[in-house]
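Undergrad: coordinates only, sequence not included:
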Ligand SMILES: Cc1cc2nc3c(=O)[nH]c(=O)nc-3n(C[C@H](O)[C@H](O)[C@H](O)COP(=O)(O)OP(=O)(O)OC[C@H]3O[C@@H](n4cnc5c(N)ncnc54)[C@H](O)[C@@H]3O)c2cc1C
Ligand code: FES
């Protein structure tokens, strides 16, 4: 069991939760994630490790309540417990000796961009962070990112705060005016796809952190498979970070939609289909 030490509502949909999880806190690095289960009957779902405190023995996650399990987690309070947390999972971000970096977070992906940008700055890279949301009320983590990054640009779709437009508008301007060594994007699939389209003509290395649907998180079920450079990769063990110029975003969108269209179908049912699908492909 893992105690909740802190819970903070960041906006109407998104909350921040700090858990006791000493072993994970000691092993965690930026870019990794955990798979949680709220109670014994709950489904397993992945969340990025937003922050970790090895001495205190805690990890913090930021969760958007969009479905059954995320809503259940966001309804808990300080002092409550959750059943289990597995991790850290996935590969840590490579942050050393990159140079000039643009790090982009959209929606709840802004919280996922936070540890990436922080680690890149701690490793001596020159980082601009672009964060975006639909409107001012939905924007998260701006103050926290400004606490370690001097160049933070904000966009909102409706212009209610920061610059009106998309994160990719700002990215395009930066790319046209200076040499960038790497772009890192985390957010909704259409945003990451567009980021890769914008950077492609410049030949700038572009990494994206994919949010495939996961079940076991161990490379066994096939639920999180993605096509990268026409090859099958598993987001849980090969990612979550991939080369955005090689990711088949249409395939990813279709796989995310496959579950959305059948929201009542349970994840275990989806997992069974994934295994069947995997068998057919291999
Ligand atoms: C490596 C990784 C890291 C992630 N980190 C975070 C994070 O830090 N914070 C956060 O809020 N979310 C994160 N996610 C997404 C999160 O795991 C999903 O939102 C969650 O699994 C939804 O579970 P649910 O039971 O609440 O929703 P469900 O009831 O299972 O689904 C509700 C709706 O959400 C859609 N959905 C389900 N899973 C996903 C998904 N992975 N991506 C997009 N749509 C989905 C379904 O199609 C459905 O329409 C991450 C995903 C991955 C793979
Ligand atoms: S979640 Fe990655 S293979 Fe099952």
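TA: The structure has been received and is ready for your questions. All values derive from a computational prediction rather than experimental measurement. Ligands and ions are numbered 1, 2, ... in the order given.
Undergrad: which intervals of this protein have sub-threshold pLDDT?
TA: The chain contains residues with pLDDT under 70 at 259-282.
Undergrad: for it, which residue gets nearest to ligand 1?
TA: As assessed by Cβ to the nearest ligand atom, ligand 1 sits closest to residue 67 within the chain, at 1.9 Å. Just so you know, the C-beta spots here come from the backbone N, C-alpha and C atoms, and that holds for glycine as well.
Undergrad: please tell me how far that residue sits from residue 74.
TA: Applying Cβ to Cβ, to the nearest Å, the value for residue 67 to residue 74 is 11 Å.
Undergrad: cool, and residue 6?
TA: From residue 6 to residue 74 the distance is 14 Å (Cβ to Cβ).
Undergrad: what do you get for residue 65?
TA: Per Cβ to Cβ, residue 65 is found 4 Å from residue 74.
Undergrad: picking that back up, the more surrounded of residue 67 and residue 74?
TA: For residue 67 versus residue 74, neighbours defined as other Cβ atoms under 10 Å are more numerous around residue 74 (19 against 13).
Undergrad: contacting residues for the more buried one?
TA: Going by Cβ atoms under 8 Å, 6 or more residues apart in numbering, residue 74 touches 14, 15, 63, 65.
Undergrad: what about residue 203, neighbour count?
TA: Neighbours of residue 203 under the rule other Cβ under 10 Å: 8.
Undergrad: and the helices in the stretch 101-250 of the chain?
TA: Counting by DSSP state H, counting those that start in this stretch, the stretch 101-250 of the chain has helices at residues 109-122, 142-146, 167-177, 189-199, 235-238, 249-260.
Undergrad: among these, which is the most enclosed?
TA: Highest mean neighbour count of those: helix 109-122, a mean of 24 (counted as mean count of other Cβ atoms under 10 Å).
Undergrad: helices or strands up against that one?
TA: Judged by 3 or more Cβ pairs under 8 Å, 6 or more residues apart in numbering; DSSP states H and E, helix 109-122 is in contact with strand 45-48, strand 100-106, strand 126-133, helix 142-146, strand 182-186, strand 205-209.
Undergrad: what residues does the third one touch?
TA: Contacts with strand 126-133, where a contact means Cβ under 8 Å, 6+ apart, come from 99-107, 110, 113, 117, 120-121, 139-142, 145, 149, 151-157, 162, 166-167, 170-171, 174, 187, 191.
Undergrad: what comes up buried for that strand?
TA: For strand 126-133, burial by neighbour count (16 or more other Cβ atoms under 10 Å) applies to 127, 128, 129, 130, 131, 132, 133.
Undergrad: that strand pairs with which strands, and in what direction?
TA: Pairing partners of strand 126-133, with direction, according to DSSP bridges: strand 100-106 (parallel), strand 151-156 (parallel).
Undergrad: do that strand and ligand 1 meet?
TA: No. Strand 126-133 is not in contact with ligand 1 by Cβ under 6 Å from any ligand atom; minimum separation 13.5 Å.
Undergrad: what angle separates that strand from helix 167-177?
TA: If you take axes from the mean of the first three to the mean of the last three Cα atoms, to 10 degrees, strand 126-133 sits at 150 degrees to helix 167-177.
Undergrad: need the residues of this protein near ligand 1, please.
TA: Within the chain, the positions lying close to ligand 1 (Cβ under 6 Å from any ligand atom) are 33, 43, 45-48, 61-64, 66-70, 108, 111-112, 211-214, 235, 240, 256, 259-260, 263.
Undergrad: ok, which of those also contact ligand 2?
TA: Among the residues of the chain next to ligand 1, the residues within reach of ligand 2 (Cβ under 6 Å from any ligand atom) are residue 214.
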